[in-house]
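Peer 1: just the structure for this:
(one chain, ligands or ions: 1)
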Amino acid sequence: MNFDHIDIVYEALSFFQENKTANFQEINQLLKAQSGVIDFFEKEADYIQLKQKVETSQSVACESRTEYGDFQTNRNLSLSITKYLSNKDITPQVLIEPTCGKGSFILSAIQTFNSLQQVFGIEIQEVYLWELKFELLEYFLKNPTANKPEIHLYHCNVFDFDFQQIKKQINGRELLVIGNPPWVTNSTLSSLNSKNLPTKSNFKNVKGIDAITGKGNFDIGEYIALNMLDLFAKEKGNFAFLIKNSVIKNIVYEQKRNKYPISNLEKHTINAQKEFGAAVDASLFVCKFNSPPEFTAKEFDFYTSKSRVTLGWINNKFASDIEKYKKYQQFDGVCPFEWRQGIKHDCAKVMELERIDGGFRNALGEEFELEEDLVYGILKSSDLQIDRIDTPRKYTIVTQKKVGQETKQILENLPKTKAYLERHKEHFLQRKSSIYKGKPMYSIFGVGDYSFKPYKVAISGLYKQTKFTLVEPNGTVLLLDDTCYFIGFDTLEEAQTVQSSLNKPEIQAFIESFMFTDAKRAITKELLMRIDFESNARQPKRCVVEGQLNLEF
Ligand SMILES: C[S@@+](CC[C@H](N)C(=O)[O-])C[C@H]1O[C@@H](n2cnc3c(N)ncnc32)[C@H](O)[C@@H]1O
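Peer 2: So this is what the prediction gives:
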């Protein structure tokens, strides 16, 4: 059998590639289990022929799904989206899909918009473009009277593509830029040593420590979305992109600086688990081009059209729920205390310890003894889901009392601790973050006098809850890890007062009004430093003294 003329769908091609080491009997068994077909290959020669075809398609189908942030939109969803746009009286003449994949949006748009005259699709994986071409052919063969725009499909890297050639052809016609760009971040790509990156990597000009601590990490989808807005926002038309909620937040946030001529910003939340099998928060972001810039976006449920909140800029502040923010904005100011992040060591296997009979056990399963001098109980985000805590599950070795301190001396009189750390030196040397470069051996971060305060008010940065926990000592001071934030106090009374102020309903509501629960780190130091929880106490209280209206401070 010659398979050259047989169209094998991508999933099947991948199946054969994943099982390419299977022999004739094995592949037939696998195929029986997978498809129910008995003797899928009747002759071994057929299987050999097929394997040759699969090998020649290797470079295409083996491209990593992660590297290309590849989550193809199902046709139901793309069709509901184009129908939604059509119901808003959007009637595009020109359509651009910058990373069109198998072309769900192109096919749905052709089906929905009779107004279309020209369609442009760009995609890096050639096999997808072939699938799209055959689908288009099938569609027009079945629907010969359907409106047939001119369709240009480019097998190209979107970062190399010259969009000016399309721009020149728009000529004032109504444009729709639609799509679902790759769902992958630049840091994931660099960990894969991938070249699927724009040339100018730190495109938002994030520099220095911010770049090191994570703000230099951006989503490729965000880069493509901003690029499209840069290129086309001045055209007559609309923009509709399926993107992560964090990307939508960033677009609206950056709108203050970018001032793109876009209005009617909408965020329609979808169920990405159901639609893409992906555990991310994503939405359809829609806006109108060529209009006075707007700085807020209305949020809806895509499936029910139920309106939720409005997010964006208000009085020079950024809020996740503008109506709620307006109610509690008196608390927006500067926190009277300095919030601190907990201890960072990036060496969990060696530095995260459990106490066992007569010693400790590390995450490598090794059991050993240590002097108690540098050992402290440490709490993680998951420990902070209760009102008060004084008992740690984990312990760590605090090799420095402040950042950058020499570690040789501190270990001098602690032979067991020194030997343990030296035995695991390699783990410390392998830490990737540049903050450890040129620092003393076994360095940690997020340590200072404040770490050793006996009482703390703490919160997790990772969990989406806004309640604050009181941390009390239990023989020794308890520390927090770098997923947590805290304020340190010398007395229980001070800590209790601050905890109860922060847990008051009005402060909790204020936090909710500007916290983005779909961010990886919902609570940040920046957010906490904005909470002026004593602002109520400073507000003039109205009280009547001897018949006079006095202002009391
Ligand atoms: C999230 S998928 C969505 C595909 C399509 N837009 C849809 O809605 O079904 C992202 C697509 O971007 C493609 N892609 C990734 N990197 C690309 C690049 N540098 N240039 C062009 N396409 C790329 C992937 O191959 C994949 O088809």
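
Peer 1: make it CA atoms for all contacts and neighbour counts henceforth
Peer 2: OK.

Peer 1: can you tell me the helix or strand for the closest residue to the ligand within the stretch 451-553 of the chain?
Peer 2: Among all residues of the stretch 451-553 of the chain, Asp518 sits closest to the ligand, at 18.8 Å; criterion: CA to the nearest ligand atom. In the assignment (DSSP states H and E), Asp518 maps to no helix and no strand.

Peer 1: do I have it right that it meets Ser283?
Peer 2: No. Applying CA atoms under 8 Å, one finds Asp518 not in contact with Ser283, separated by 11.3 Å.

Peer 1: so Ser307 sits right up against Ala297, yeah?
Peer 2: No. If you go by CA under 8 Å, Ser307 and Ala297 don't touch, sitting 11.4 Å apart.

Peer 1: neighbour count winner among those two?
Peer 2: Ala297 (25 against 13; other CA atoms under 10 Å).

Peer 1: what's the burial count for the residue lying closest to the more buried one once chain neighbours are set aside?
Peer 2: Distances taken as CA to CA, 6 or more residues apart in numbering place Leu265 nearest to Ala297, at 4.6 Å, with adjacent residues excluded. Per other CA under 10 Å, the neighbour tally for Leu265 reads 22.

Peer 1: circling back: what touches both of Asp518 and Ser283?
Peer 2: Shared contacts of Asp518 and Ser283, defined by CA atoms under 8 Å, 6 or more residues apart in numbering, comprise Asn245.

Peer 1: the more surrounded of these two?
Peer 2: Ser283 (25 against 15).

Peer 1: does the nearest residue to the more buried one once chain neighbours are set aside sit in a helix, a strand or a coil?
Peer 2: Spatial nearest neighbour of Ser283, chain neighbours left out: Thr269 (4.1 Å); criterion: CA to CA, 6+ apart. Three-state call for Thr269 (DSSP: H, G, I helix; E, B strand; the rest coil): strand.

Peer 1: surely Thr269 touches Ala282?
Peer 2: Yes. With contact defined as CA under 8 Å, Thr269 reaches Ala282; the gap is 6.3 Å.

Peer 1: around the ligand, pick out the residues from the stretch 151-300 of the chain.
Peer 2: Counting by CA under 6 Å from any ligand atom, the positions of the stretch 151-300 of the chain adjacent to the ligand are Asn157, Val158, Phe159, Gly179, Asn180, Pro181, Pro182, Trp183, Asn196.

Peer 1: pLDDT wise, what is the third one at?
Peer 2: In the predicted model, Phe159 carries a pLDDT score of 89.

Peer 1: check the secondary structure at the nearest residue to it once chain neighbours are set aside for me.
Peer 2: Using CA to CA, 6+ apart and skipping residues adjacent in sequence, the residue nearest Phe159 is Pro198, 5.6 Å away. With three-state DSSP as the basis, Pro198 sits in coil.

Peer 1: coming back round to it: next up, the contacts around the residue nearest to Ala297.
Peer 2: By CA under 8 Å, 6+ apart, the neighbours of Leu265 are Phe285, Val286, Cys287, Lys288, Glu294, Thr296, Ala297, Lys298.

Peer 1: ok so the second one is a strand residue?
Peer 2: Yes. Counting by three-state DSSP, Val286 is found in a strand.

Peer 1: spit out the contact partners of it.
Peer 2: Shown in contact with Val286 (CA under 8 Å, 6+ apart): Asn238, Phe239, Ala240, Phe241, Asn264, Leu265, Glu266, Lys267.

Peer 1: which two in the contacts of Leu265 are spaced the farthest apart?
Peer 2: Phe285 and Glu294 (14.0 Å; CA to CA).

Peer 1: neighbour count winner among these two?
Peer 2: Neighbours per residue (other CA under 10 Å) separate Phe285 from Glu294, with Phe285 holding more: 25 against 19.

Peer 1: hey, what's that one bridged with?
Peer 2: Beta-bridge partners for Phe285, by DSSP bridges, are Phe241, Lys267.

Peer 1: contacting residues around it?
Peer 2: Phe239, Ala240, Phe241, Leu242, Ile243, Ile248, Leu265, Glu266, Lys267, His268.

Peer 1: most surrounded residue in these?
Peer 2: Lys267 (30 neighbours).

Peer 1: I'd say Val54 and Phe16 touch.
Peer 2: Yes. Contact criterion CA under 8 Å: Val54 and Phe16 qualify, at 7.0 Å.

Peer 1: between the two, tell me which one has more neighbours.
Peer 2: The residue with more neighbours, out of Val54 and Phe16, is Val54; 22 against 17, by other CA under 10 Å.
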